[in-house]
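Asker: need a 3D model of the following:
(chains A and B)
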Amino acid sequence: MAGALLELIGIGKTYPGVTALDGVDLAVGAGEVLGLIGENGAGKSTLMKILGGVTEPSQGRIRIDGRDYASLTVGDAMAGGIAFVHQELNLFDNLDVAANVFIGREPLQGGWLKLIDRAALHTQVQPILDRLGVDFAADTAVAELSLAQMQLVEIAKALSLKARLVIMDEPTSSLTLSETDRLMRVIADLKSAGVSVIFISHRLNEVERCADRVVVLRDGRVVGELDRGHLKPDAMIRLMIGRDLKSLYLPPARPPGADVLELSDLRTATYPARAVSLSVRAGEILGLAGLVGSGRTELARVIFGIDPRRGGAIRLNGEAVALAAPRDAIDRGIYLVPEDRKRSGLLLDVSIAGNISLPDMLRHSTAGIVQPESETRNAERQRESLNIRTPSVASEVNALSGGNQQKVVLAKWLSMQPRLIIFDEPTRGVDVGAKNEIYGLMRQLADSGVAILMISSDMEEVIGVSDRIAVMHEGAIGGFLDRSRFSEHNVLQLAVGNRLN
Amino acid sequence: MFKKDLGLFLLILVVGTAVAIINPRFLSPINLSNTANLIGLFGLFSLAQAFVIITGGIELSVGSIIALLGVIFVDLIANVGLPWQAAVILVIVIGVIMGAVHGFLITFMRLQPFVVTLCGLLIYRGIARYYTEDATAGFAFGQSFPTLEWLTAGRTLGVPHSMIAFILTAIVLAILLHRSVFGRYLFAVGKNEEAARYSGIRTRRIIIAAYVICCGLTALAAIYIAMYTRSISPASHGNFYELYAIAAAVLGGCSLRGGEGSILGVVLGTILLQVLQNLVNLLGIPSSLNFAVMGGVILIGVLADQQLTRYRKSRLAGRPEHAAHAAPAEKAVAE
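Answerer: Numbers count the residues shown, from 1 in each chain, chains lettered A, B, ... in the order given. Okay, here's the model as predicted:
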């Protein structure tokens, strides 16, 4: 594109075993609002990291104002006028708005004393805030601002850096409708002042509202582009999906049994106004799909007794249960394989055997004294049946690969009597071979009568492994799909809050 | 863990031998017996501290608890006239309640252990001074409690009973910490509280129990120390004892981040600290330098330990890498 502010030419990025980006060409003109969309894992974040100078591309060039770079440093990105407004805000709660806008670049006085010139700071910040039309003062502490207001502070920071390109990553994910409207106006203002915007969002109707052009990423490639005239959510979804999904499906041995878990109008603290009703049957794998942030993990935490519920009821085999702590859930046979296994699933510097027996110490002890032989026997059994590759069950979990660590988490629960197992992103960071083993284990468990709730953001996994899919959208179930209606298109439609016809 | 303890043991031997060569009085029965008595007294509350440190917490009110419970105990048996058995039970119960309150504030109110126990340090010290109106608490002339004195300050074949109490306590606690389910939970909570909770451990109860054990045991130590000093001036009694306890625990291999430590280590740490104290006295080093010597040795010990651990890790670094790579290769062959 002639006169493009920023151009990416043939950008590729490979990690060992994974191609995150492959020959991506992308250009942004001055004063253009570019929408960037794609499923979870399509390569959006990698691309943004490359633009921010955090990650180096493996191939390709980045052209800013006609000058070519093989890779950017954080300094290059800043000097080139690229600014970010991140999903998680990078602000200092304890400082006021003005100090945050000029953090690290404060006007100084007093010579070598390097005192901050507070008066100059505030006079410099005020015009920027005026330009954005904010409703808070420059000396407000950031801790007192709403999320939307904080986002405006981030944008003010970008403007104060004389940014010519502002990249917004899911900026509306935590905003209310009126706040979103205001952000849309700010984007229009930026545009009319000649500032370009890259707007990354899952919310397709917002992309439709603000973008001049939309680029669609899938599996690390640019798979399509839509101009202003053709921006329709349907058209965007059509481009986002359509990759070949490998068939992972292992059919169940018998039709599902009675409801094991039944949620009626369950509410979580994250989405107290939205209620979830669903049921998982014995012998069934229910996939729980949805966009990142749609409240799936929060739901799992409530079912496992970590967070209190904000209303509604949980029934297990028809009986209402109150779960005040994970122990209550575990004693009833409700187990969770958490999303972040290193943080919540494992004691990394403890032996495999010690990890496996932890939830079931009563069985491995006599009169309160641990019986190490019993632990080792149990761990050996699990190593055998789950094929955990380790020289010894006495070695620390640290030394295992991701897939084998995940099997250790699983082994904790399989040595007990599961009724319902919740898998939260069961194969994240797990290599392909171990992935298939884990899918096989899930099916085996289901066939033995366990109910399985699988939270997954991996479309291939959700469609390939589940017997039925529930799609979550902003804290509630957007809809259920039976196998006959499984398709990426349908899952995405429900995930972005549309109805299926 | 065992390597750490062995290193500490060797250090004690080296320091002990050096002191004995320079000043043979170090090995005199009277000096050994006195040192053993001090090891017993300081060891009781150092062991207590270790339980809290393993959960990742800290207990700063140890010295003040020793002062407050000391004056209460002496007052109960010397002035109130309570039978000493009842006084012992009462004082330990008060200690247990203090621990429960600390634990409650830390877990349910989500306050930081440092803050809670720092407030404890100030509050108990203040109450102790108010209780006696800043006067020294002690026994009347001729007042004696033969059984109690024999149990606490007595000696058998030159071995002070405080030392025996310390050894018995250490054995019980070692079983509790290293062999019992509770000990397993305690380490799990200290290593990764979230993973412990996700494994069904009631982490709050475990943490509260650690503070209860710590303060209950400190109460027992308070009785022993009170019977040893026999007079307690509440403004200075037990000052800085929490720091001795933390120092012994850290020397013994406890990490202030939690999840690490052993009873044997704390026992050795306590011994080393008292040998160092003794060294300052016997070598004619000005006793004002006492703390400086202790601080210096702890710093060097912790530094050396850290460097050794890093060295061992870097030597073993190849191993887990190999294991991780070997797994997929194995798979490929199997297919």
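Asker: how about stretch A:250-259: buried residues?
Answerer: A:250, A:256, A:259 (16 or more other Cβ atoms under 10 Å in any protein chain shown). (Glycine included, C-beta is placed from N, CA and C.)
Asker: I'd say the second one and residue A:483 touch.
Answerer: No. Using Cβ atoms under 8 Å, residue A:256 is not in contact with residue A:483; the gap is 11.9 Å.
Asker: up against chain A, what does the stretch 151-300 of chain B have?
Answerer: Taking Cβ under 8 Å from any Cβ of the partner chain, the part of the stretch 151-300 of chain B that reaches chain A is made up of B:175, B:179-185, B:187-188, B:191-192, B:194-202, B:259.
Asker: mind listing the strands for chain B?
Answerer: B:137-138, B:155-156, B:159-160, B:231-232 (DSSP state E).
Asker: the bottom helix or strand of chain B by mean pLDDT?
Answerer: Here the helix or strand of chain B ranked lowest by mean pLDDT, DSSP states H and E is helix B:318-334, holding a mean of 39.
Asker: okay, which residue is most central for chain A?
Answerer: residue A:292 (3.9 Å; Cα atoms, centre = their mean).
Asker: what secondary structure does it sit in?
Answerer: coil (DSSP: H, G, I helix; E, B strand; the rest coil).
Asker: what residues does chain A have near chain B?
Answerer: A:304, A:306, A:325-327, A:329-331, A:336, A:338, A:343-350, A:354, A:358-359, A:361-362, A:365, A:368-370, A:389-391, A:398-401, A:403-404, A:412, A:431, A:433.
Asker: identify the residues contacting stretch B:241-255?
Answerer: With Cβ atoms under 8 Å, 6 or more residues apart in numbering or on different chains as the test, stretch B:241-255 has contacts from B:1, B:4-5, B:8, B:42-43, B:45-46, B:48-50, B:53-54, B:58-63, B:66, B:121, B:256, B:260-262, B:264-270, B:272-273, B:294, B:298, B:301-302, B:305.
Asker: in that stretch, what counts as buried?
Answerer: B:241-254.
Asker: adding distance to residue B:227, write those residues out as TSV.
Answerer: Below are the buried residues of stretch B:241-255 laid out as TSV (distance: Cβ to Cβ, whole Å):
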residue	distance to residue B:227
B:241	16
B:242	21
B:243	23
B:244	19
B:245	19
B:246	24
B:247	24
B:248	21
B:249	24
B:250	28
B:251	27
B:252	26
B:253	31
B:254	28
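Asker: out of those, who's nearest residue A:471?
Answerer: residue B:254 (49.2 Å; Cβ to Cβ).
Asker: neighbours of the nearest residue to residue B:240 once chain neighbours are set aside, just the number please.
Answerer: Leaving aside its chain neighbours, residue B:240 sits nearest to residue B:63 (6.0 Å; criterion: Cβ to Cβ, 6 or more residues apart in numbering or on different chains). For residue B:63, the neighbour count with other Cβ atoms under 10 Å in any protein chain shown is 24.
Asker: wait, residue B:63 sits on residue B:122?
Answerer: No. Shown here, residue B:63 and residue B:122 do not form a contact pair, counting by Cβ under 8 Å, at 11.2 Å.
Asker: list the contacts of the residue nearest to residue B:240.
Answerer: B:121, B:125, B:238-243.
Asker: those: which two are farthest apart?
Answerer: Across the contacts of residue B:63 (Cβ to Cβ), the longest gap, 14.3 Å, separates B:125 and B:243.
Asker: in strands only, show me the buried residues of stretch A:250-259.
Answerer: Using DSSP E, those in strands are residue A:259.
Asker: could you export the buried residues of stretch A:250-259 as CSV, including distance to residue B:36 and pLDDT?
Answerer: CSV is the format used below for the buried residues of stretch A:250-259 (distance: Cβ to Cβ, whole Å; pLDDT from 0 to 100):
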residue, distance to residue B:36, pLDDT
A:250, 68, 84
A:256, 70, 92
A:259, 67, 95
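Asker: and the pLDDT at the residue nearest to the centre of chain A?
Answerer: Turning to residue A:292, the model gives it a pLDDT of 76.
Asker: any idea how far it is from residue A:472?
Answerer: To residue A:472, residue A:292 is 11 Å away according to Cβ to Cβ, to the nearest Å.
Asker: need the contact list for the residue nearest to residue B:104 when sequence neighbours are not counted.
Answerer: In space, not counting the residues next to it along the chain, residue B:104 is nearest to residue B:208; the distance is 6.4 Å by Cβ to Cβ, 6+ apart. Applying Cβ under 8 Å, 6+ apart to residue B:208 gives the contacts B:99-100, B:103-104, B:106-107.
Asker: now residue B:113
Answerer: B:52, B:57-59, B:102, B:106.
Asker: of those, which is the nearest to residue A:199?
Answerer: Once Cβ to Cβ is applied, the member of the contacts of residue B:113 that ends up nearest residue A:199 is residue B:106, at 45.3 Å.
Asker: tell me the confidence at the closest one?
Answerer: Model confidence at residue B:106 (pLDDT) stands at 97.
Asker: burial count for it?
Answerer: Count around residue B:106 with other Cβ under 10 Å applied: 24.
Asker: then residue A:59?
Answerer: Residue A:59: 15 neighbours (other Cβ under 10 Å).
Asker: how about it: which residues does it bridge to?
Answerer: residue A:12 (DSSP bridges).
Asker: now do it against chain B, distance only.
Answerer: Per Cβ to the nearest Cβ, to the nearest Å, residue A:59 is found 26 Å from chain B.
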